[in-house]
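Visitor: Below: sequence and its predicted model.
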Amino acid sequence: MLPPVRELSFSLSQNMIFGIFFSVTFFVASLLWAASMGVENVSATQIDLPSRHAVLENHVRKLVSGFPIEDMTPLIADQNKNTAAFLVGIAKKESNWGKRVPRTESGEDCFNYWGYRGVGSRGIAMGHACFGSPEEAVGVVGGRIDTLIREYHFDTPEEMIVWKCGWSCNGHSTTSVKKWIADVGYYSRKVKN
């Protein structure tokens, strides 16, 4: 016995809908596959997308333009973003981005824009490390800041105050501590954002 006409037309309509759906899906998939074959091996540099490093470097360069630290922007941009932010913020507070720095006896720049107390490859000048090159300076200071961030989890200016005070700010005025935190925070946020 044949099914009633009403059921037969419903089955045909449902089959037609599925057929159209699968045909359209196959057609779209074919178009996408064909399009992907044309752009198979395109890298970010081929379509002029800047790398994260280039974006950070350009941002830092614009911020410090005209100051001695500007020459260090590629080195700073090689650091992770938090370390780079503190390199910029602390350098602004401690040396006005390289305008007030320790110098050798013959007047050469020690590349210590962070008030880093330690020994550089050229010893100590004016109580601070005297580095032999910008690479050494950013490597040593960036490494110390990175350690404070990664090992001690100091990722705010309030926690990074150890840079100014050491483990206790008892010998510093409350006003100077608050000013250091505010200034370093202001410039480090400019780099992070």
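Guide: Looks like it came in fine. Numbering: from 1, shown residues only.
Visitor: CA atoms for contacts and neighbours, from now on please.
Guide: Will do.
Visitor: Show me the strands in the chain, by range?
Guide: Under the criterion DSSP state E, the chain contains strands at 124-125, 128-129.
Visitor: Next, name the residue at the spatial heart of this protein.
Guide: K81 (2.4 Å; C-alpha atoms, centre = their mean).
Visitor: Could you check how far that one is from R103?
Guide: Distance, K81 to R103, using C-alpha to C-alpha, to the nearest Å: 29 Å.
Visitor: same check, this time on H128
Guide: Taking C-alpha to C-alpha, one finds H128 at 9 Å from R103.
Visitor: can you check G115 too?
Guide: Taken as C-alpha to C-alpha, the span from G115 to R103 is 12 Å.
Visitor: now swap in L148 and tell me
Guide: From L148 to R103 the distance is 27 Å (C-alpha to C-alpha).
Visitor: One more: E136?
Guide: Separation of E136 from R103 (C-alpha to C-alpha): 15 Å.
Visitor: what does Y113 give?
Guide: Distance check for Y113 against R103: by C-alpha to C-alpha, it reads 11 Å.
Visitor: the more surrounded of the two?
Guide: Y113 (30 against 19; other C-alpha atoms under 10 Å).
Visitor: about what we covered before: need the contact list for the residue nearest to the residue nearest to the centre of the chain when sequence neighbours are not counted.
Guide: Closest residue to K81 in three dimensions, ignoring its sequence neighbours and counting by C-alpha to C-alpha, 6 or more residues apart in numbering: K192, at 6.6 Å. Neighbour list for K192: 81-82, 85 [criterion: C-alpha atoms under 8 Å, 6 or more residues apart in numbering].
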